[in-house]
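Asker: here is my input; please provide its structure:
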Amino acid sequence: MTHPSVEVAESPLTPESWGKLGMWIFLVGDAMTFGAGIAAYGAIRYGSADWPVPSQILGIPLTAFMTFLLICSSVTMVLSLSAIKRGDRRGLRNFLLLTILGGLIFLGCQAYEWNHLIFHRLPEKGLSFTGHLFATTFFILTGFHGMHVSGGVIYLTCIVIQGIRGRYSAEHYQSVEIAGLYWHFVDLVWILIFTFVYLL
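Answerer: Predicted structure coming up:
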């Protein structure tokens, strides 16, 4: 019989919790990389005498839609995890497919934005793709984030395939939860980029 004042010993880490810990460690390192990139962007912008006004070059309405799209994809990611926790495999599949679709549309919008900037907006403003720090820092930050979205789409596609094969259930959903951590992080970072690069 356990004495009421004695706490039960905590169980050791399970393979599932090791996976979650690994993802958190990865995200902390990734957050430092993004943080350094945004800080460098701010420092370069502050020290530049001819920095253009972002709203005069960048397409704010399109980017606002892209931001809204990623926020919605975070919601569908939450719904997919909630579904599998209830044992709803169809809900898991459908909501994950919506999340993936949101990521693909985001990447398509980003490709359109880059194309428009490189061949139209930057030349109109007398800026070149490689000849001004504004363009350089913009493409590095948004491109690095785009790589994360691409990786997330591939990651979630693998999760969907495993889900269709019946790997996940109400008792075994940790891999979906870990994938959700990554996707929410990617969405949060975009909100920061949108704020610091596009709006301020």
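Asker: buried residues in the helix or strand residue 73 falls within?
Answerer: Here residue 73 sits within helix 60-85, counting by DSSP states H and E. For helix 60-85, a neighbour-count test (16 or more other CB atoms under 10 Å) marks 63, 66-67, 69-70, 73-74, 76-77, 79-81, 83-85 as buried. C-beta: built from backbone N, CA, C; applies to glycine.
Asker: after that helix comes which helix or strand?
Answerer: Remark: after helix 60-85, the chain's next helix or strand is helix 89-116, criterion DSSP H and E.
Asker: what about the helices in this protein?
Answerer: Taking DSSP state H as the test, the helices found in the chain are 15-47, 54-57, 60-85, 89-116, 122-124, 133-164, 174-193.
Asker: if we can go back for a sec, and which of the buried residues of helix 60-85 is nearest residue 200?
Answerer: The closest of the buried residues of helix 60-85 to residue 200 turns out to be residue 63 (CB to CB; 13.1 Å).
Asker: test my guess that that closest one contacts residue 114.
Answerer: No - taking contacts as CB atoms under 8 Å, residue 63 lies outside contact range of residue 114: 11.9 Å.
Asker: comparing the helices of the chain, which yields the minimum mean pLDDT?
Answerer: Here the helices of the chain differ in mean pLDDT, and the lowest is helix 122-124 at a mean of 69.
Asker: residues touching residue 55, list them.
Answerer: Going by CB atoms under 8 Å, 6 or more residues apart in numbering, residue 55 touches 198, 199.
Asker: could you number the chain from 307 rather than 1 from now on?
Answerer: Fine by me, first position is 307 from now on; the one you just mentioned is residue 361.
Asker: show me what the helix holding residue 379 is packed up against.
Answerer: helix 395-422, helix 480-499 (3 or more CB pairs under 8 Å, 6 or more residues apart in numbering; DSSP states H and E).
Asker: ok, residues contacting the shortest one?
Answerer: The reference is to helix 480-499. 322, 325-326, 329-330, 333, 336-337, 340, 344, 372-373, 376-377, 379-380, 383-384, 386-387, 390, 398, 402, 405, 447-448, 451, 454-455, 458, 461-462, 465, 468-469, 473-474.
Asker: most packed of the helices of the chain?
Answerer: The highest average neighbour count among the helices of the chain, using mean count of other CB atoms under 10 Å, belongs to helix 480-499 at a mean of 20.
Asker: can I get that one in PDB, CA atoms only?
Answerer: C-alpha atoms of helix 480-499 as PDB (Å, rounded to 0.1, in the frame of the first residue of the first chain):
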ATOM      1  CA  GLN A 480       1.900   9.800 -31.200                       C
ATOM      2  CA  SER A 481       3.500  10.100 -34.600                       C
ATOM      3  CA  VAL A 482       0.600  12.300 -35.700                       C
ATOM      4  CA  GLU A 483       1.000  14.500 -32.700                       C
ATOM      5  CA  ILE A 484       4.800  14.900 -33.400                       C
ATOM      6  CA  ALA A 485       4.100  15.800 -37.000                       C
ATOM      7  CA  GLY A 486       1.600  18.400 -35.700                       C
ATOM      8  CA  LEU A 487       4.300  20.000 -33.600                       C
ATOM      9  CA  TYR A 488       6.400  20.500 -36.700                       C
ATOM     10  CA  TRP A 489       3.500  21.900 -38.700                       C
ATOM     11  CA  HIS A 490       2.400  24.400 -36.000                       C
ATOM     12  CA  PHE A 491       6.000  25.600 -35.700                       C
ATOM     13  CA  VAL A 492       6.200  26.200 -39.500                       C
ATOM     14  CA  ASP A 493       2.900  28.200 -39.300                       C
ATOM     15  CA  LEU A 494       4.100  30.300 -36.300                       C
ATOM     16  CA  VAL A 495       7.400  31.100 -38.000                       C
ATOM     17  CA  TRP A 496       5.500  32.400 -41.100                       C
ATOM     18  CA  ILE A 497       3.400  34.700 -39.000                       C
ATOM     19  CA  LEU A 498       6.600  36.200 -37.600                       C
ATOM     20  CA  ILE A 499       8.100  36.600 -41.100                       C
END
